[in-house]
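Visitor: Sequence first, predicted model second:
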Amino acid sequence: MCLAVPGEILSIDGSGPLLQARVSFAGNIKDICLAYTPEARPGDFVLVHAGFSLSVLKASRAEDILSQLEGLTERSGS
Amino acid sequence: MKFVSEYRDPTRVKALASEISERITRPWSIMEVCGGQTHAILKHGLEQLLPPDLTLLHGPGCPVCVTPSDIVDQAIFLASQPDVVLCTFGDMIRVPGGTTNLAAAKARGGDVRVVYSPMDALHLAEQMPEKTIVFFAIGFETTAPTTAMAVFQAKQKGLNNFTLLVSHVRVPPALEALLSAPDHTIDAFLAAGHVCTVMGLQEYQPIAQNYHVPIVATGFEPVDILEGVLMCFRQLETGIARVENQYDRAVRPEGSAQAVKLVRDVYEEADQEWRGIGQIQKSGFRLRPEYAHYDAAQRFELANASPVRAKTSSPCISGDVLCGRQKPSDCSAFARECTPLSPLGAPMVSAEGACAAYYRYAMRTV
Ligand code: SF4
């Protein structure tokens, strides 16, 4: 039950008591509560757990990891 | 898929594993706290990529596995009450209580419904004013904000027919309990990334300092896990013990301010029983007195109900499995009397349970 998965926000609906969004999980679309990530915008990827977005994913160190590992890959010759 | 495929890249996985293999100077044991990480480790065969001197210990972070049998029995009791609808996450439905489970209660006519979100249970309460809806609120700090919002909204809307049966658990006190055991062999922790998205990293600082253990908030994909292991490993090899954040695409050091606030408004810390492990001080949440009306335990006076005890002694060693002292394959019942189709303990029921993960992915190595 803890396998929070990333989904992409398609649209946001602020008309109800709680901020809601339509979120696509690889094409599977669900209504998700955005109350805990009000900063999220359409096109953002969010981490969703039990119907709630808990975090807006950002690009982070993916590139750092890549360059670091490219260095490693060269060193280890694989 | 964005944010997933790049963290499953085999080249990166191999490069991380070989960095560890090349540099390890002595044996280390690193515990992944979360059952989701255990599952990923087994699924992707990550242990086989690591050097034999680096042991991954599987921790207690499967919320289904640690939910006490007595609470499961309370849920079963509530499901059998007239005009009660018991709503639960799907993982709990086959978890054994003292003698039976919620699936059997449903088969006997109990109104048990599997929901995706606590908000679905809240909507049922709006649609069925003649029934009392009980949501079985289990899970770690990741789930607590979702149940907190449901009960907060119930109060806002004046919905008197919505209640929570609360059995939430908190990670940091469990880490301290594990580290306080005199025979523990844990050198470092991979902290559960999703819990950290909610609570941030602050609670882990004193643990890293006081017990001198590296703690790295870590994600769930193979690259995440091996990078978390590498970050722990670098600290261990250099004698450092601090909190680091591998999962920074999702985890902010301060966590989610909105989620933490609502959890703190709705819940207070309470001593909590962990199945197979025992009671851990302040390791759970209970509803604050302002929410007593929404507490199923109080509404249905569950404290007076006598617990159902299993009649036979069980070979299940789930407590040792959950504390990383033994592997599922050390259990005499593993894959014999105990299988996912006829589980003897919760770690074989839950998809995130270590026993189920071993059964599914590691049979070839047992
Ligand atoms: S294999 Fe089954 S009986 Fe053994 S520890 Fe796991 S759940 Fe318990």
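Guide: On my side now, so go ahead.

Visitor: what does the stretch 1-150 of chain B have sitting close to chain A?
Guide: B:1-4, B:6, B:11-12, B:14-16, B:18-19, B:22, B:34-36, B:39, B:61, B:63-64, B:89-91, B:116-120, B:139-140, B:142-143, B:145-146, B:149 (CB under 8 Å from any CB of the partner chain). Backbone N, C-alpha and C define where each C-beta goes, glycine included.

Visitor: Tell me who's in contact with B:Leu56.
Guide: By CB atoms under 8 Å, 6 or more residues apart in numbering or on different chains, the contact set of B:Leu56 is B:29-32, B:41, B:46-47, B:50, B:229.

Visitor: Is any residue of the helix or strand it falls within near the ligand?
Guide: Assigned by DSSP states H and E, B:Leu56 falls within strand B:54-61. No: shown here: strand B:54-61 not in contact with the ligand (CB under 6 Å from any ligand atom), separated by at least 11.1 Å.

Visitor: what is the mean pLDDT for that strand?
Guide: Mean pLDDT, strand B:54-61: 93.

Visitor: where do the strands sit along chain A?
Guide: Ranges of strands within chain A are A:5-13, A:20-25, A:28-33, A:45-49, A:52-56, based on DSSP state E.

Visitor: one step back: tell me the helix or strand right after the strand holding B:Leu56.
Guide: helix B:63-66.

Visitor: before we move on, back to that, out of the contacts of B:Leu56, which sit inside strands?
Guide: Per DSSP E, these map to strands at B:29-32.

Visitor: related to what we said a few turns ago, pull up the pairing partners for the strand holding B:Leu56, direction included.
Guide: strand B:28-34 (parallel) (DSSP bridges).

Visitor: The residue in the stretch 51-200 of chain B that chain A sits nearest to: neighbour count?
Guide: Proximity of the stretch 51-200 of chain B to chain A (CB to the nearest CB) peaks at B:Ser117, 2.7 Å away. By other CB atoms under 10 Å in any protein chain shown, 25 other residues sit near B:Ser117.

Visitor: Contacts only, for the closest residue to the ligand within the stretch 151-300 of chain B.
Guide: Among the residues of the stretch 151-300 of chain B, B:Gly276 lies closest to the ligand, at 8.3 Å counting by CB to the nearest ligand atom. For B:Gly276, the contact set (CB under 8 Å, 6+ apart) comprises B:65-66, B:316, B:318-322, B:345-346.

Visitor: Can you name the residues bridging to residue 55?
Guide: If you meant another chain, say so; for now it's chain A. A:Leu47.

Visitor: um, chain B though
Guide: Counting by DSSP bridges, the residues bridging with B:Thr55 are B:Ser29.

Visitor: Surely it and B:Trp28 touch.
Guide: Yes: between B:Thr55 and B:Trp28 a contact is recorded at 7.2 Å, counting by CB atoms under 8 Å.

Visitor: In terms of neighbours, single out the busier of those two.
Guide: B:Trp28 (22 against 18).

Visitor: Report the contact partners of the more buried one.
Guide: B:53-55, B:187-188, B:232-233, B:236.

Visitor: would a markdown table of those residues with distance to B:Ala154 be doable?
Guide: A markdown table is the format used below for the contacts of B:Trp28 (distance: CB to CB, whole Å):
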| residue | distance to B:Ala154 |
| --- | --- |
| B:Asp53 | 52 |
| B:Leu54 | 48 |
| B:Thr55 | 46 |
| B:Asp187 | 44 |
| B:Ala188 | 41 |
| B:Cys232 | 42 |
| B:Phe233 | 46 |
| B:Leu236 | 47 |
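
Visitor: Out of those, which end up buried?
Guide: Neighbour-count burial (16 or more other CB atoms under 10 Å in any protein chain shown) is assigned, among those, to B:54-55, B:187-188, B:232-233, B:236.
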